[in-house]
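Asks: Sequence and predicted structure below; questions after.
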Amino acid sequence: MSNRETTIAPETTRSRREFLRKGVVTAIAAPMAVSALASCTEGTAQKTATASDSDHSGGSTAPHPSTPAAAAVDPRARSDQMDAMHEKGIKAFPAKTEGKGNQLLAPRIVNGVKVFDITCKAVQWEVEVGKKVEAWTYNGVVPGPQIRVTEGDRIRMIVKNELPESTSVHFHGVEMPNAMDGVPFITQPPIKPGETFTYEFVVPNAGSHMYHSHHNAAKQVGMGMLGAFIVAPKRPRAIEKVDVDYVMILNDGFHGYTLNGKGFPATEPVVAKIGQKARIRFMNEGMMIHPMHLHGMHMTVIDKDGWAQPAPWKCDTLNIAPGERWDVIVHCNNPGTWAFHCHILPHAESEHGMFGMVTALVVQP
Amino acid sequence: MSNRETTIAPETTRSRREFLRKGVVTAIAAPMAVSALASCTEGTAQKTATASDSDHSGGSTAPHPSTPAAAAVDPRARSDQMDAMHEKGIKAFPAKTEGKGNQLLAPRIVNGVKVFDITCKAVQWEVEVGKKVEAWTYNGVVPGPQIRVTEGDRIRMIVKNELPESTSVHFHGVEMPNAMDGVPFITQPPIKPGETFTYEFVVPNAGSHMYHSHHNAAKQVGMGMLGAFIVAPKRPRAIEKVDVDYVMILNDGFHGYTLNGKGFPATEPVVAKIGQKARIRFMNEGMMIHPMHLHGMHMTVIDKDGWAQPAPWKCDTLNIAPGERWDVIVHCNNPGTWAFHCHILPHAESEHGMFGMVTALVVQP
Amino acid sequence: MSNRETTIAPETTRSRREFLRKGVVTAIAAPMAVSALASCTEGTAQKTATASDSDHSGGSTAPHPSTPAAAAVDPRARSDQMDAMHEKGIKAFPAKTEGKGNQLLAPRIVNGVKVFDITCKAVQWEVEVGKKVEAWTYNGVVPGPQIRVTEGDRIRMIVKNELPESTSVHFHGVEMPNAMDGVPFITQPPIKPGETFTYEFVVPNAGSHMYHSHHNAAKQVGMGMLGAFIVAPKRPRAIEKVDVDYVMILNDGFHGYTLNGKGFPATEPVVAKIGQKARIRFMNEGMMIHPMHLHGMHMTVIDKDGWAQPAPWKCDTLNIAPGERWDVIVHCNNPGTWAFHCHILPHAESEHGMFGMVTALVVQP
């Protein structure tokens, strides 16, 4: 690539240095961003050496104005302000917020039964930095605790309802005995405020499943009453032997566009080392499709709703509809920080920068 | 499961009895609901014996108020009122309404040709109990009559237009001679009000197809001018030998969210006996995707748009886009009444209970 | 089909003659429409001889009124006016408009590198006849120039930004070195107004990919900053040997519903001779799904996002989500002009006739 180096203009080098400096400053406030982004920023410095400044439009005298007034009269100033907002969002990633959902919940073991205690309750949930919303939750987090069991396990989930309205839990994808299916007035009475209901069953089928409310669910699931219910097979396939196993729950309810209960830049990056294999388990708990697009590498689709596809197949954009789960394998062979987002662009970016259903796959060298 | 029995609280037993009693009362008004739901309700009584009452929040003195005024001041009363609305909907299922679409239309045989007489006309259509809407129909029903023919048959459809505007019929998925394709001004003149047009052709390809208006179709199909056109293959595959063959047409037009022209609880359950195989032929005649989710059992996808998939594959939530047809096989091996609904939850449930794109698969013991 | 001929009514024959006469008149103004449609219109005359007039509703004395006033009072007149609007649209197809996007851009070859010069600029774009919209473009056209390279090529794209705001280019689907991935503040600084940025890389993976803005992209892609980036494999598969290779880019942004930057009837037909094989490369650059439906023949799906499916599979309606690319093969064995459109009907037809995401596959005898 030696022929490219000759095109470097001095201005570009300077502006990239400024870019890097800002990156470091921002990183102080968001330490995790450093590890994720600083290396790729430096990588950028070494590799994108072909940028070149030229005739700045309008001969702006105030290229980096700090006041809205300046922006109102100068198109270039307005453009720079927009860029600054975009940069601020990126540099804040992954932004710290209060509360983290989708964390593994270890069961109590009672007479060989894996027991999970779940309390339905309302909390204030910080979906983005400084933006708190009312959430209806399992154990105070969105998504609810991640549950991992194995095919053939006997499990018991004791659900206490501290919400102001009735609820129920449906184990979406699990081929239940009917009485445990969680549909009020078909398989059980609703769990009224203050009541407790116990679900108990032998887990019949492996796969990436979900548990969520099945009562007034358009509201209750939209408000946060959902979680991953992962069932490991007794005999995993060779393709399932991975280094990273990540659950990504998509939602678009009352809390806006979220990945695992947070909007960008408060989303969590997926992190792997070069050469590792990562399994991503997509689950859509929302009301809209979300075609998730991974930059830099393809995804190999192995499972749909917990069932193996007849043969794995590849893509870089996977359309995930409400209620669906798709499991993919990413061979992390391309180093860098890679955007990973819903490709319905208004779910991921506005004039104010990236937001909502955006994260990154960080492949560390 | 003996360890579970010990958790039964007396209150729960009582409230379940009340639940069952109500179920029976409701069932008198909706006999079919008895066969579908009563058994599962009893099943519930036997199996969900782990529910336990506990500290009722707020110590409400009016747990089951019957007046809106009470609900306005008491959260528990409001919750109970919501539950009552949900219960009422479920217990009414399958609710009787006037008119039933998607019923098999036997052809007249004229010189070896299967002749179908179709009249396009406006009617008042009872989409839910007591809710009549204007519908534009084939033979007065929504969906239009179900047509079943065999590959290689010569068929004739005589279409009389009694609507106030022109129309045409497109056989969606059938690989027609061009002149029979039903697109006004490309393959034929529109069928004007009062006119009759005859479609005639040898059926070239098997599969789950549709017939619908192709003139001002965003309106006409939305108003009900659609039906199933099923072409049996000359040599069925082994996997096609099923006990139940059910066509489920999804729509979201001017009549709201419907399955075969009705909104829940006026939708029709799919009924099978334990051990039977059911084929569901999904067809989307609407404007939105509908990811149909079956509880309790998975679906094995065999055909897309009437063409065999390279290999069958399994799922529990199948995303069906407008114009698509997907054929699945369900091995009905899990007894009970299983919710079966679009998983875009606002298409299936509101604060007032389930509605729209909801039905059940009833697996009878 | 001799038994059908007997049903011809004199009125029908007359009205079809009038229909044909009008077709010819219209064809003078739209010569390409003649070749595409005139033959099928005649075909209609020979084959749809089964139409028969009968009791005209209301006994209208003014069956073809030319004044709106008449339409306001006479339902049949209103219907005829609607038909006239529909006919006008069809007969205008393919309507001439200023500007044509998605045309092959030959590279400059510099020291063995394929160099593409791209200028980002705002233009007025004629999306339908007489309807100009503001577009943000690559080289003044929507979609941008079509780029075709081969796996292993070294390519350089020199991007000059003449827009009033910053931009960047992401090569969607190409497994880039990170620094070339085009995501501002993650892999590069934004390309500010007046600046030039050079992307250079060895093309790593074959397939139907895209290039588009990745900065303020919900706006910029919606405004037109997108194009096809087709990478031929070094060793094509047998199934890829086709006679027609057509790229169809779907969009639903600020310019309405478009195929390759134009709304019907300004869209471009796909033309093939009988017996030929056509490859259609669908690409969705919009915010909504578009299930594309082909009349008359099925599509054999071979690739998803540039990756071969494990086995080809058939359909007539293919759901394409934002960011996805799907490659299909059509064996053009059914002569005629075949409607080819998004099956979300409000994206394709209104009371005023077909519009938006509609084109035709013309299979010439």
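Replies: Sure, I can see it.
Asks: Indicate each strand paired with the helix or strand hosting A:Lys160 and its parallel or antiparallel sense.
Replies: Counting by DSSP states H and E, the element that carries A:Lys160 is strand A:154-161. Here strand A:154-161 has these sheet partners by DSSP bridges: strand A:113-128 (parallel), strand A:196-202 (antiparallel).
Asks: Ok, which of these comes nearest C:Ala266?
Replies: Taking Cβ to Cβ, strand A:113-128 is the member of these nearest to C:Ala266, at 42.3 Å. Any C-beta I mention is one placed from the backbone N, CA and C, and that applies to glycine too.
Asks: Give me the buried positions along that closest one.
Replies: Using 16 or more other Cβ atoms under 10 Å in any protein chain shown as the test for burial, strand A:113-128 gives A:113-116, A:118-120, A:123, A:125-128.
Asks: Could I get the contacting residues of the nearest residue to A:Ile239 once chain neighbours are set aside?
Replies: The spatially closest residue to A:Ile239, leaving aside those adjacent along the chain, is A:Ile302, at 5.7 Å (Cβ to Cβ, 6 or more residues apart in numbering or on different chains). The neighbours of A:Ile302, taking Cβ atoms under 8 Å, 6 or more residues apart in numbering or on different chains as the test, are A:239-240, A:308-309, A:312, A:327-329.
Asks: Tell me the spacing between A:Ile302 and A:Cys332.
Replies: Remark: distance between A:Ile302 and A:Cys332 (Cβ to Cβ, to the nearest Å) = 16 Å.
Asks: Check A:Gly99 too.
Replies: For A:Gly99 relative to A:Cys332 (Cβ to Cβ), the value is 28 Å.
Asks: who has more neighbours, these two?
Replies: A:Cys332 (24 against 18; other Cβ atoms under 10 Å in any protein chain shown).
Asks: pretty sure the more buried one contacts A:Leu361?
Replies: Yes - the pair A:Cys332 / A:Leu361 is scored as a contact, 7.3 Å apart, by Cβ atoms under 8 Å.
Asks: got the angle between the strand or helix carrying A:Phe229 and strand A:113-128?
Replies: Under the criterion of DSSP H and E, A:Phe229 resides in strand A:226-232. With axes from the mean of the first three to the mean of the last three Cα atoms, to 10 degrees defining the directions, strand A:226-232 sits at 140 degrees from strand A:113-128.
Asks: what about strand A:226-232 and chain B, any contact?
Replies: No - under the criterion of Cβ under 8 Å from any Cβ of the partner chain, chain B is not reached by strand A:226-232; the shortest gap measures 10.9 Å.
Asks: which helices and strands sit right next to that strand?
Replies: strand A:147-150, strand A:207-213, strand A:244-251, strand A:277-284 (3 or more Cβ pairs under 8 Å, 6 or more residues apart in numbering or on different chains; DSSP states H and E).
Asks: Name the strands paired with that strand and say parallel or antiparallel.
Replies: Here, using DSSP bridges, strand A:226-232 pairs with strand A:147-150 (parallel), strand A:207-213 (antiparallel).
Asks: now these as JSON lines including distance to C:Lys91?
Replies: Below are the strands paired with strand A:226-232 laid out as JSON lines (distance: least, Cβ to Cβ, whole Å):
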{"stretch": "strand A:147-150", "distance to C:Lys91": "62"}
{"stretch": "strand A:207-213", "distance to C:Lys91": "52"}
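Asks: Is chain C within reach of stretch A:262-280?
Replies: No - figure legend: stretch A:262-280 not in contact with chain C (Cβ under 8 Å from any Cβ); closest approach 11.0 Å.
Asks: wait, what's in contact with A:Ile230?
Replies: Shown in contact with A:Ile230 (Cβ under 8 Å, 6+ apart): A:146-149, A:207-209, A:247, A:281.
Asks: try it again with 7 Å
Replies: A:Ile230 makes contacts with A:146-148, A:208, A:247, as judged by Cβ atoms under 7 Å, 6 or more residues apart in numbering or on different chains.
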